[in-house]
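Undergrad: could you look at this predicted model? Sequence included:
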Amino acid sequence: MPEGDILKRTARSLDRALTGSVLVRAELRWPSAASVDLTGTTVIGTESYGKHVFTRFDDGRSLHTHLRMDGSWQIARTGSAGSSARGPFVRAVLASTDWTAVGDRLGMLDVVATRDEHTLIAHLGPDVLGDAFPTAGLPVALERFADRGSTPVAEVLLDQTVVAGLGTIYMAESLFVRRLWPWTAGRDVADPASLLMTARVLMERSVVAQHPTATGDDRRGLTTWVHGRLRQPCRRCGTPVAVGQARAAPMQRPVFYCPGCQGPARVSRRA
């Protein structure tokens, strides 16, 4: 599933392409929104929150989308082949005279009053990439982190009610950078603030990356420390990278880690 960095980049692409433009074409191929007409509205901006995207219009409505596992938003010149949006899995089309945004295989779609956006994300923790995360968001995330007690730290990081936007890639990468065994009890993590800020820094680097296929590279292990690098030598110590599991079936997630750099012996309980 795309993580917060990809959603941040997606929102920025939509924002650059459509903000300030009047929609000349608006199609929502979604059962609960099929009758909604956004044609003629002006796009006033697009922002992400964790793994959610909100595109806002001047009539007080917002389009909320979530990519789930396979979704994407693609931008094409209006009138080009890419703007035709004829694919069987296209779920949304937003077009100005210049640019067309095509939402393919979207996993979630709602149209709500902009003032009610919070009702869709109220259950989530602070957005790890939010501007206010280092100040207002981090204390909230740390309080929720502490509430998880004996839950393995890998699972705490994946819990969107603790912090929004993290997934399997940056969970694994952050734990590697901090040399933490993924099954350390959350209460035994000596410095959870540094762990969460490490995740933020790693994701921020991806947001500003110019490589358009960074997500694919991450999943293949070409640009990561451990994620997607099963049995390949650790870039730090040379030990073959291993993979374990977080959560029980059917919600299980892979956890890539280095047994040499992140073994259980490295766990240090908070004083």
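TA: In hand now; what should we look at?

Undergrad: drop to CA atoms for contacts and neighbour counts, all remaining ones
TA: Fine.

Undergrad: what's the local residue count around residue 206?
TA: With neighbours defined by other Cα atoms under 10 Å, the count for residue 206 comes to 19.

Undergrad: so where do the strands sit in the chain?
TA: Assigned by DSSP state E, the chain shows strands spanning 25-28, 43-49, 52-57, 61-66, 72-77, 90-95, 99-104, 108-113, 242-246, 253-257.

Undergrad: residue 195: which of those strands is closest?
TA: strand 253-257 (15.3 Å; Cα to Cα).

Undergrad: to residue 263, which of the strands of the chain lies closest?
TA: Between residue 263 and the strands of the chain, the shortest gap by Cα to Cα is with strand 253-257, which sits at 8.9 Å.

Undergrad: separation between residue 54 and residue 113?
TA: In this view, residue 54 and residue 113 are 11 Å apart by Cα to Cα, to the nearest Å.

Undergrad: tell me which of the two has more neighbours.
TA: For residue 54 versus residue 113, neighbours defined as other Cα under 10 Å are more numerous around residue 54 (23 against 14).

Undergrad: longest helix in the protein, please.
TA: If you go by DSSP state H, the chain has its longest helix at helix 192-208.

Undergrad: before we move on, back to that, which neighbours do residue 54 and residue 113 have in common?
TA: Residues within reach of residue 54 and of residue 113 at once, by Cα atoms under 8 Å, 6 or more residues apart in numbering, are residue 62.

Undergrad: if we can go back for a sec, counting contacts, what elements does the longest helix of the chain pack onto?
TA: When contacts are defined as 3 or more Cα pairs under 8 Å, 6 or more residues apart in numbering; DSSP states H and E, helix 192-208 sits against helix 4-18, helix 138-147, helix 168-177.

Undergrad: now with 7 Å?
TA: Contact analysis of helix 192-208 by 3 or more Cα pairs under 7 Å, 6 or more residues apart in numbering; DSSP states H and E lists helix 4-18, helix 168-177 as its packing neighbours.

Undergrad: for residue 186, which non-adjacent residue is spatially closest?
TA: If you skip the residues right next to it in sequence, residue 186 has residue 153 as its closest partner in space, 4.7 Å away by Cα to Cα, 6 or more residues apart in numbering.

Undergrad: check contacts around the one you found.
TA: If a contact means Cα atoms under 7 Å, 6 or more residues apart in numbering, then residue 153 has 182-186 as its contacts.

Undergrad: export those as JSON lines, with columns for distance to residue 93.
TA: Compiled in JSON lines, the contacts of residue 153 are given as follows (distance: Cα to Cα, whole Å):
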{"residue": "182", "distance to residue 93": "41"}
{"residue": "183", "distance to residue 93": "43"}
{"residue": "184", "distance to residue 93": "45"}
{"residue": "185", "distance to residue 93": "45"}
{"residue": "186", "distance to residue 93": "43"}
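
Undergrad: still on that earlier bit, possible to save the strands of the chain as a markdown table with mean pLDDT and distance to residue 158?
TA: Compiled in a markdown table, those are given as follows (pLDDT from 0 to 100; distance: least, Cα to Cα, whole Å):
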| stretch | mean pLDDT | distance to residue 158 |
| --- | --- | --- |
| strand 25-28 | 98 | 30 |
| strand 43-49 | 98 | 15 |
| strand 52-57 | 98 | 15 |
| strand 61-66 | 98 | 17 |
| strand 72-77 | 98 | 21 |
| strand 90-95 | 98 | 27 |
| strand 99-104 | 98 | 25 |
| strand 108-113 | 98 | 19 |
| strand 242-246 | 96 | 9 |
| strand 253-257 | 97 | 9 |
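
Undergrad: how about those, which one is nearest residue 131?
TA: Shortest separation from residue 131 across these is recorded for strand 43-49, at 10.7 Å, computed as Cα to Cα.
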